[in-house]
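Enquirer: return atomic coordinates for the entry below.
(one chain, ligands or ions: 2)
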Amino acid sequence: MAQQYKAPRGTFDILPEDWPYWNYVISKAREIAEIYGYREIETPIFESTSLFVRGVGEGTDIVDKEMYSFEDKGKTDLTLRPEFTAGVMRAYVEHGMHTKPQPVKLFSIGPLFRYERPQAGRFREFHQFNVEAIGSQDPALDFEIMSMAWQFLEELGFKGLSFQVNSTGCPKCRPGYVKALKEYYMQHYDEICEDDKRRLERNPLRVLDCKNPKCQPVIANAPRITDYLCDECREHFEALRRYLDAAGKRYTVNHRLVRGLDYYTKTVFEVWAEGIGAQNAVCGGGRYDGLVEEIGGPPTPGVGFAVGLERVVMMLKSQGVKVPDAPSPSVFVAYLGNQAKDEAVMLAQKLRAHHIPTVLSFGKRGLKGQLRNANRWGVKYAVILGEEEIERGQVTVREMSSGEQVQVGREELLGWLEERLNG
Ligand code: ATP
Ligand code: MG
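Expert: Residues are numbered from 1 along each chain as shown. Ligands and ions are numbered 1, 2, ... in the order given. Below you'll find the predicted structure:
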């Protein structure tokens, strides 16, 4: 037997019946981006492997375990993008966007690739709405980014939104905290998992978001970074919290929220929604003032967020949010007999040329079967051509909802339909 193909593990087809959800989410993303003054950028789906190694960072799960990397036929090392930010920053530098008014505000929508263990809400190909604001240190920009993520999710119908927020300091103050954290962890070395022991070497802050149950009591009593911030980072965090308070946004300072790499600075946040816990955040973001330098550009601050669209679509479905239906065609063209068919084929084409959404009957079927098909398509009118109609230079038009039928002259049909459909 021939091989039966399936979509590769961790990937899925977005079928026609799913598109009303996806279109709703994508058009909401574009709408929100416009309201906040963000413009679209599309970067390649693959980039130099080293861009991600530097831009995402060695010691992260993404770089260590999850990248789809390959050598192409020209022996160039490439990687399917596992996230947007590195590519967008590469484009910012490559196109000299620092000469534009700052901050430069950009968004992208598209697929990403991570070799993860597939499970609910976790795939190997997934999609994000990703937003970056580049070139300003102002905490008002962190607030803008967070508000944008919130408004996007709120307008999609998510309930019980709240922020988790933290500051991860900067290369000036973070080392003091990392030292204290390591000392604390060394005192509890027997109580932590093997992964954490490795993290302590490579990326110590990451011990704080370890999901292993065994490590939870250790995490709960760990020193907190907010007690170690330098003046600049503390003031930045205070300003952000002032804005959040003034806007009446619910937030929790979550000491476990970290990024763990030197170019992630100051703000980190997640948006949580009712029914979605820490394991399943829909949106994550933060500031990365050292990232552009890390990938070879001039020192440039930046802040952004990414929302996982699969998780958004899952939530919309599970909360029963109504999304606009895919539009149905307006007209179904039916025929009886060979001569009528020839004319029907041309008539459907003429209606489409005039932008009347039209579907045509195919094959040889009785009128009943064809009308049943018209019903399934959800059209407003069925136009029926039979031998008799053709002789008289007419067509029968059936209004599907009432079943009422009228005779319309062949020459008048286009105007007749346009009047009723566009009127
Ligand atoms: P998680 O903790 O769930 O692994 P993350 O920290 O890896 O998330 P980010 O890299 O910050 O996530 O990406 C932002 C968002 O992208 C996440 O909040 C989530 O909605 C989505 N996302 C991340 N990885 C996947 C995946 N493998 N499949 C589907 N969505 C994903
Ligand atoms: Mg992850």
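Enquirer: right, and the helix or strand after the helix or strand bottoming out on mean pLDDT in the chain?
Expert: Here the helix or strand of the chain ranked lowest by mean pLDDT, DSSP states H and E is helix 61, holding a mean of 87. The helix or strand immediately downstream of helix 61 is strand 68-71, counting by DSSP states H and E.
Enquirer: check whether that following strand contacts ligand 1.
Expert: No: using C-beta under 6 Å from any ligand atom, strand 68-71 stays clear of ligand 1, with a minimum separation of 12.1 Å. All C-beta atoms are positioned from the backbone trio N, CA, C, and that covers glycine.
Enquirer: ramachandran angles for L385?
Expert: With angles defined as degrees, to the nearest 10, L385 sits at phi -110, psi 120.
Enquirer: that one touches D342, doesn't it?
Expert: No: taking C-beta atoms under 8 Å as the definition, L385 is not a contact partner of D342, at 9.5 Å.
Enquirer: who's more crowded, these two?
Expert: Taking other C-beta atoms under 10 Å, L385 and D342 do not tie; L385 has more neighbours (24 against 13).
Enquirer: the more buried one and V271: what is the separation?
Expert: Taking C-beta to C-beta, to the nearest Å as the measure, L385 falls 56 Å from V271.
Enquirer: now swap in R256 and tell me
Expert: The value you get for R256 to V271, if C-beta to C-beta is used, is 16 Å.
Enquirer: more neighbours, the two?
Expert: Counted by other C-beta under 10 Å, R256 and V271 do not tie: V271 has more neighbours, with 25 against 18.
Enquirer: who's in contact with the more buried one?
Expert: 146, 149-150, 153, 161-164, 281-283, 307 (C-beta atoms under 8 Å, 6 or more residues apart in numbering).
Enquirer: what's the residue in the stretch 201-350 of the chain that ligand 1 sits nearest to sitting at in phi/psi?
Expert: Here the residue of the stretch 201-350 of the chain nearest ligand 1 is G308; by C-beta to the nearest ligand atom that distance is 2.2 Å. The phi and psi torsions at G308 (degrees, to the nearest 10) take the values phi -80, psi 120.
Enquirer: which ones are touching it?
Expert: So G308 contacts 121, 126-128, 282-283 (C-beta under 8 Å, 6+ apart).
Enquirer: can I get those in CSV with neighbour count, distance to M97 and pLDDT?
Expert: Compiled in CSV, these are given as follows (neighbours: other C-beta atoms under 10 Å; distance: C-beta to C-beta, whole Å; pLDDT from 0 to 100):
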residue, neighbour count, distance to M97, pLDDT
G121, 16, 34, 88
F126, 19, 27, 98
H127, 20, 25, 98
Q128, 23, 21, 98
V282, 25, 29, 88
C283, 27, 25, 92
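Enquirer: and the stretch 251-400 of the chain, which residues reach ligand 1?
Expert: Near ligand 1, when you scan the stretch 251-400 of the chain using C-beta under 6 Å from any ligand atom, you find 281-284, 306, 308, 310-311.
Enquirer: check the gap between the residue lying closest to H354 once chain neighbours are set aside and S401 for me.
Expert: Excluding the flanking residues, the one nearest H354 by C-beta to C-beta, 6 or more residues apart in numbering is L414, at 6.0 Å. According to C-beta to C-beta, L414 stands 21 Å off from S401.
Enquirer: what is the burial count for the residue nearest to H354?
Expert: Using other C-beta under 10 Å, L414 has 16 neighbouring residues.
Enquirer: tell me which element it is part of?
Expert: Using DSSP H and E, L414 sits within helix 413-422.
Enquirer: and for G304?
Expert: Taking DSSP H and E as the definition, one finds G304 inside strand 302-308.
Enquirer: could you give the separation of that strand from the chain centroid?
Expert: In terms of C-alpha atoms, centre = their mean, to the nearest Å, the centre of strand 302-308 is found 10 Å from the chain centre.
Enquirer: quick one: strands adjacent to it?
Expert: Paired neighbours of strand 302-308 in the sheet (DSSP bridges): strand 125-134 (antiparallel), strand 283-287 (antiparallel).
Enquirer: closest to the centroid, which residue in the protein?
Expert: Taking C-alpha atoms, centre = their mean, the centroid of the chain lies closest to Q128, which sits 2.6 Å from it.
Enquirer: please name the nearest non-neighbouring residue to that one.
Expert: A306 (4.5 Å).
Enquirer: may I have the predicted confidence score for that neighbour?
Expert: Reported pLDDT at A306 in the predicted model: 96.
Enquirer: tell me, how many residues neighbour it?
Expert: Neighbour count for A306, taken as other C-beta under 10 Å: 20.
Enquirer: equivalent analysis for the one 4 residues further on, please.
Expert: A total of 20 residues lie near E310 under the criterion other C-beta under 10 Å.
Enquirer: which SS state does it fall under?
Expert: Secondary structure, DSSP: H, G, I helix; E, B strand; the rest coil: E310 is helix.
Enquirer: contacting residues for it?
Expert: Residues in contact with E310 (C-beta under 8 Å, 6+ apart) are 121, 123, 126-127.
Enquirer: residues of the stretch 51-200 of the chain that sit close to ligand 1?
Expert: When proximity is defined as C-beta under 6 Å from any ligand atom, the stretch 51-200 of the chain approaches ligand 1 at 83, 114, 116, 121-123, 126, 128.
Enquirer: who are the neighbours in contact with the residue nearest to H354?
Expert: By C-beta under 8 Å, 6+ apart, the contact list for L414 reads 350-351, 354, 356.
Enquirer: and the buried ones among the residues you listed, selectable in ChimeraX?
Expert: Buried members of the contacts of L414, defined by 16 or more other C-beta atoms under 10 Å, are picked up in ChimeraX with:
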select :351,356
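Enquirer: the helix or strand where A149 lies packs against which elements?
Expert: Per DSSP H and E, A149 falls inside helix 139-155. In terms of contacts (3 or more C-beta pairs under 8 Å, 6 or more residues apart in numbering; DSSP states H and E), helix 139-155 is packed against helix 19-36, strand 125-134, strand 162-167, helix 231-246, strand 265-272, strand 283-287, strand 302-308.
Enquirer: using the record's domain definitions, break this protein down for me.
Expert: Domain assignment of the chain by automatic domain parsing yields the ranges 16-173+229-318, 331-422.
Enquirer: mind putting those domains into a markdown table with distance to Y189?
Expert: What follows is the domains of the chain, written out as a markdown table (distance: least, C-beta to C-beta, whole Å):
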| stretch | distance to Y189 |
| --- | --- |
| domain 16-173+229-318 | 19 |
| domain 331-422 | 65 |
